[in-house]
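Q: mind looking at a prediction? Sequence and model below.
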Amino acid sequence: MKSTNTLKRNYSTSLFEFLRKYTMIIALVVVFVLFAVLTDGRLIYAQNMSNLMLQNGYVLVMACGMLLCILTGGNIDLSIGSVICMVGGMAAVMITDMSMNPILTIVICLVAGLLVGVWQGYWIGYVRIPPFITTLGGMFIFRGLGRLVLDNQTVAVQNSTFLNIFTAYINIPGLDDGETVYSALIVGIIAAIFVVVNTAKNRRERSKKGYRQNSAVSDYLKAGVIAALILYYCYLLSQYRGISVMLVWVVAICLIYNFITAKTAFGRYFYAVGGNEKATKLSGINTNKVYFLAYANMGLLAGLCGLLNAARVGSVNGNTGTSFEMDAIGACFIGGASAYGGSGTVGGVVIGALLLGVINMGMSILGIGDSWQYVVKGGVLLVAVIFDVVTSRKSGKG
Amino acid sequence: MSKVILEMRSITKEFPGVKALDNVNLKVEEGEIHALIGENGAGKSTLMNVLSGTYPYGSYSGEIYYNGKLCKFKNQRDSEAVGIVIIHQELALIPLLSIGENMFLGNEIKNKFGCIDWNKTYYEAERHMQQVGLNESAQTLVKDIGTGKQQLVEIAKAFSKDVKLLILDEPTSSLNDEDAKMLLDLLIEFKKNGLTSIIITHKLNEIIYCADKATIIRDGSTIETLVKGVDEFSEDRIIKGMVGRSMEDRYPHREHNVSSEVSLEVRNWTVHHPLYSERVVDDNISFCVHKGEVVGFSGLQGAGRTELAMSIFGHSYGTGISGEVYINGKKVNLKSPEDAIHHKLAYITEDRKTNGLILDESIRFNTTLARIDKVCHNGIIDRDKEVKVAEDIKEEMGTKTPTIEQHVGNLSGGNQQKALLGKWIFTEPDILIMDEPTRGIDVGAKYEIYCLINDMVSRGKSVVMISSELPELLGMCDRIYVMNEGHLLAEVNAADATQESIMGYIIRDTANNNAGTSAASAAKV
C-alpha cells in the first residue's frame, strides 16, 4: 500500500520534472502545430520554413552573445541595434560608395564591431561602470556614429561577392540543377547519421569506463527525434532553393557557442561569475576579464549581425537595427536564462528565438498586423518567465 | 512554582518527504530563560516558526497554549499582537535606514493626517534603545553601527512591540565573545523584570551561563528538558543529550609531528583599509607556520585576522599592502588568488555562502571551480573525469548527499562546509588557511572537520586556523598567535595556554589602547 503510494508520487514528480525540463520545447511544438493548423498548413511550406531560419538568423547570432552577458549576472547589452546600424552602414558605404574590396570590408567591419565590444567591455569589466548605463551610452553613441557614416542616407548593398558570402544559396552545378536540390538532402542525411553515431559512440565510451549513463531508450529516442527533425528540415530545404550560406553561418555560430558554454572551462567561468562573483574571484578566476570578454564578444557578434543584416535586407539606413537587441534579450529569457545570471543554455536560447520566430511568421501569414504581434510577443515573454519562476519555486529551488 | 506562559503540545510538522517535527512538547514558565538545543536540522527553527505563526495554524498538527489560551496564529502579526516576538538568526535590518526607521518599519507611528510622525518615532525609538542600553542617536544609520549594536536594535524593536515572550534564534552567532556576554547579561537583567525568553544557540557555555532550563531536540523530537539546580547542567551532559552518545573527547587526538621546516613565513605585513586608505587594518605583522603544524589565530572580531589572511591570499583584501611572504623559504609575490593557488595556498573563507560557494550550482561544479584545468584537455572539460573526481572528494570529505549534482544551496550548513573544504582540497594545497572552519555547524560535523584537519597535517601540510572559539583553538592547535586591533600581541604554545591567559592579553591591550587614546585626546584639549 505504502509502496504504491510512493511509486505514484515518484511517477508524478518525474512527470512534473519532465514537463519542467522540456517546457519550452513543448510550448514550441504546441505553438507550431497551432499555427500550422490555423494557416491550413501554409506555415510548413518549404519556402516559409526556409525563411523562418533566415529571418531569425540575426536574432540567434545576437542571442548567443547576449547569453554570455546575461550569464554574468543578468547583464544586458542595449547597444547591439546601434552597432548593427553603424557596422552595416560602414559596410554599405565602403562597398557601394568607396568601391572597396568586399573581403577587406568584412574584415574591417568585424574589427570595428570587436573594438566597440572592447570599448564597452573595458568600462564594464575593469572600471565597473554598470552595464546598463555603459551600453545605454553605447546605444546613443553608435546610433549617432552610424548616421554620420551613412550621412543620413539609405545606402544600398549590391556587390555580388559580399552578398554571396552571406545570403547565397549553395548550389552545386550538375547535382542541384533540377527541381530538388540534392545537396541539401545529402547534408541532412550526413548530419542525421552523425547524430545517431555520436550517441552510440558516447554510450560505448561511458560503459567502457564504467560511468553512469541514461537508459538506452531515452538516449536513442532523443537522437532519433533530432535526426528525424534534421532530415525533415533538410528535405523541405531541398524543395526550395537548398541551403543558404546564412543558415551555415547561423548554425555554425550556435554550435560554437553551445560548445563554449557547455564544454569549456572558459564557458564555465560565465556561469560561476553569475552564480557568485566573490566566490569565483577567490577561486583564482579573473572576474574582471570575464565581464570584459562577455562584452567584447558581444561587440564582435553584433558586428557580424550588422553584416548579415545588411546583406539580407540589401540596404542600410539610420534606423536599421532599431530595438533588435530586445529580440535577443527576449529570446534568452524565453529560453530559460535567469534574469539574475548563472543559468541558461544556448539550446534554450535557440528554442526561445524560434518560438518568437514561429509566432511572428504564423501571424504574418494569417494577416495579423504588427501591432498584435508586439502584444503577443510581450505576453509570451512574460508567461514564459512567470512559469519558470513559479515552477522553480514549487520544486523548492527558489 | 511560577505560571506556565507557553505550552506546545504534540506539535508535528511535515514537509514533502520529511517529518521535521514529530510530536514535540515544550513547556515554558513565565520569567525564565529557556534554551532550545539540538544539532543543525534537528528542528529548532521549525518549532519556533510554528510558534510565531510563520507556519500558520493548520499547516501543523498539535496545540499551542499561550497564557492558558489556545492560539491559532495565521501569521507573524497575530503572534506579535499577543507579545511573542522572534528575532531571526540573520538580522533583518535595512542598512541604509536609520535605527528609528528600522524599529518602526511596517509599524509606523502616524499623525492624524496619516503621515509619519518623525519626532514621536525617534523619541519612542530612543526610549526603547535606552531600555537595552544602546546609547546611539535613533537617526544613526544601521550600517554605521557594529553587529553587536545591531543585535541590540533588534531587541529594542521587540520592546517597541510590547514583547512578553522573546525568541532569539542564535543571537550571538555573529558576535564576538565580549558582545555576546553583554547580550546574555542583558537577557538576565530583563528576566528580573519578568520577561520570558527562549534562546536557540549552539554555544553550550552560553546556555550554562544564562539559561534556567534547556530542552534538547534531536531528529525532530524532544529528548529531555534539563533544569538548572535539579538535573546535572553541564556541557558534557548536554552534548550527550544532543548526539545521543557521550562525547568523551570533543577534539580528536593527534600525534604532534611538527617539522622544523617552515612552510609559510610572513614578515612585516601591513594592510590598509580598502576604502579608508589611511586606516591601518594589520600593522607590521610577522609570523611563521611549520610543516605538519596547526597554527591558530585568536582575537576578537575586528582584530584583523580575516583581513590578514585574505590580503596574504593574493591581495584579496585591502590596499597599500606591504611586507614579504616566503613559501618554503622562497620569497613569493602573490598578486592574485590565482598566484596564491599556484603556490599551493588555500584560503577557506569564514563566509561560505557569500565568499565560498556558488549556491545555485552543483557540488561537482563547486568542487572543480578553483582548479578546473585539472579536469580539462586544451580548455575542454572532460565531464566524465570531473564527475569522478567530484565523487572521490565527496567520499573523502564524508559529505552527506544523494548525488554530486545536488545544488550546494540545498545542503545543511555542515555539509556545505565539507563541500567548501572539498573544493580547496581539490586544489592540492600545502598550506590551508581556515577562517572559522566550524562556524554555525553542529557538534557532529565539527568533529569530522577536526579529523580532516588532523589528517591534513599528518600528511605534512600546514594549517592556519582562525577561530573565535578559544576551546577549539586550544584543542586543535600547536601554537596560537593572539591579535587585537590589527596588532600581533603574543605567540603562545597551545599546551601552556588557557582561555583566561589568552583573553587576558586581549583585554589588557584593549584597556591600554583606550587609555592611550583618552590620554591623547586629553592632551589635545
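A: Arrived safely, thanks for sending.
Q: CA only for contacts and neighbour counts going forward, please
A: Will do.
Q: got any ranges where chain B has weak pLDDT?
A: Across chain B, the ranges flagged by pLDDT under 70 are B:1, B:16-18, B:39-41, B:91, B:243-249, B:514-525.
Q: interface residues of it facing chain A?
A: Where chain B comes near chain A, counting by Cα under 8 Å from any Cα of the partner chain, the residues are B:316, B:336-341, B:354-361, B:369-370, B:372-373, B:376, B:379-384.
Q: how far away is B:Arg352 from B:Gly409?
A: Applying Cα to Cα, to the nearest Å, the value for B:Arg352 to B:Gly409 is 11 Å.
Q: what do you get for B:Thr215?
A: Distance, B:Thr215 to B:Gly409, by Cα to Cα: 29 Å.
Q: on that earlier part again, pull up the overlap in contacts between B:Arg352 and B:Gly409.
A: B:Gln416 (Cα atoms under 8 Å, 6 or more residues apart in numbering or on different chains).
Q: who has more neighbours out of the two?
A: Of the pair B:Arg352 and B:Gly409, B:Arg352 is the one with more neighbours under other Cα atoms under 10 Å in any protein chain shown, namely 21 against 17.
Q: confirm for me that the more buried one is in contact with B:Leu421.
A: No - using Cα atoms under 8 Å, B:Arg352 is not in contact with B:Leu421; the gap is 9.8 Å.
Q: what's the overlap in contacts for these two?
A: Counting by Cα under 8 Å, 6+ apart, nothing touches both B:Arg352 and B:Leu421.
Q: could you list which of the residues of chain B next to chain A belong to strands?
A: In strands, judged by DSSP state E, the following of those are found: B:Cys376, B:Ile380, B:Ile381.
Q: host element of A:Asn288?
A: Taking DSSP states H and E as the definition, A:Asn288 sits inside helix A:287-313.
Q: same check, this time on B:Ala214
A: Going by DSSP H and E, B:Ala214 is part of strand B:213-218.
Q: which outside residues touch that strand?
A: B:26, B:32-39, B:42-44, B:207, B:222-228, B:238, B:241-243.
Q: what subset of these is buried?
A: Among those, those buried by neighbour count (16 or more other Cα atoms under 10 Å in any protein chain shown) are B:26, B:32-39, B:42-44, B:207, B:222-226, B:238, B:241-243.
Q: among these, which are in helices?
A: Among the buried ones among the contacts of strand B:213-218, the members found in helices (DSSP state H) are B:Lys44, B:Ile207, B:Ile238, B:Gly241, B:Met242, B:Val243.
Q: could you work out the most separated pair of those?
A: By the measure Cα to Cα, B:Ile207 and B:Val243 form the most distant pair in these, at 16.7 Å.
Q: stretch B:370-380: end-to-end distance?
A: 15 Å.
Q: sorry, slip of the keys, the one I care about is stretch A:172-192.
A: Using Cα to Cα, the two ends of stretch A:172-192 sit 21 Å apart.
Q: average pLDDT for it?
A: Mean pLDDT, stretch A:172-192: 86.
Q: re the thing from before, pull the distance from the helix or strand just after the helix holding A:Asn288 to the chain's centre.
A: Following helix A:287-313 in sequence order, the next helix or strand is strand A:315-316 (DSSP H and E). How far strand A:315-316 lies from its chain's middle: 23 Å, per Cα atoms, centre = their mean, to the nearest Å.
Q: cool, stretch B:276-288 as well?
A: Distance of stretch B:276-288 from the chain centroid (Cα atoms, centre = their mean) equals 25 Å.
Q: can you get me a residue count around residue 137?
A: By default, I'm working from chain A. 15.
Q: try again with chain B
A: 15.
Q: name the nearest residue to it, sequence neighbours excluded.
A: Sequence neighbours aside, B:Glu126 is the residue nearest to B:Ser137 in space, at 7.1 Å (criterion: Cα to Cα, 6 or more residues apart in numbering or on different chains).
Q: give me the sheet partners of the strand holding B:Ala214 and which way each runs.
A: Strand pairing for strand B:213-218, using DSSP bridges, gives strand B:33-37 (parallel), strand B:221-227 (antiparallel).
Q: who wins for proximity to B:Gly62 among the ones you listed?
A: strand B:221-227 (13.4 Å).
Q: name the residues of the stretch 101-250 of chain A found near chain B, please.
A: Near chain B, the residues belonging to the stretch 101-250 of chain A are A:Tyr211 when assessed by Cα under 8 Å from any Cα.
Q: switch the cut-off to 10 Å
A: A:Arg206, A:Lys209, A:Gly210, A:Tyr211, A:Arg212 (Cα under 10 Å from any Cα of the partner chain).
Q: tell me which element the first one falls in.
A: With elements taken from DSSP H and E, the one containing A:Arg206 is helix A:182-209.
Q: check the offset of that helix from the chain's centre.
A: 23 Å.
Q: what sits against the residue most central in space within chain A?
A: Central residue of chain A (Cα atoms, centre = their mean): A:Leu60, 2.4 Å from the mean position. By Cα atoms under 10 Å, 6 or more residues apart in numbering or on different chains, A:Leu60 lies in contact with A:53-54, A:66, A:250-251, A:253-254, A:305, A:327-328, A:331-332, A:346, A:349-354.
Q: filter these to the buried ones?
A: If we count by 16+ other Cα under 10 Å, the contacts of A:Leu60 have these buried: A:53-54, A:66, A:250, A:253-254, A:305, A:327-328, A:331-332, A:346, A:349-354.
Q: and B:Ser234, how far from B:Lys228?
A: Using Cα to Cα, B:Ser234 is found at 9 Å from B:Lys228.
Q: which ones are touching the closest residue to A:Asp176 other than its chain neighbours?
A: Spatial nearest neighbour of A:Asp176, chain neighbours left out: A:Tyr182 (5.6 Å); criterion: Cα to Cα, 6+ apart. By Cα under 10 Å, 6+ apart, the contact set of A:Tyr182 is A:Asn171, A:Ile172, A:Gly174, A:Leu175, A:Asp176, A:Gly188, A:Cys234, A:Tyr235, A:Leu237, A:Ser238, A:Gln239, A:Gly242.
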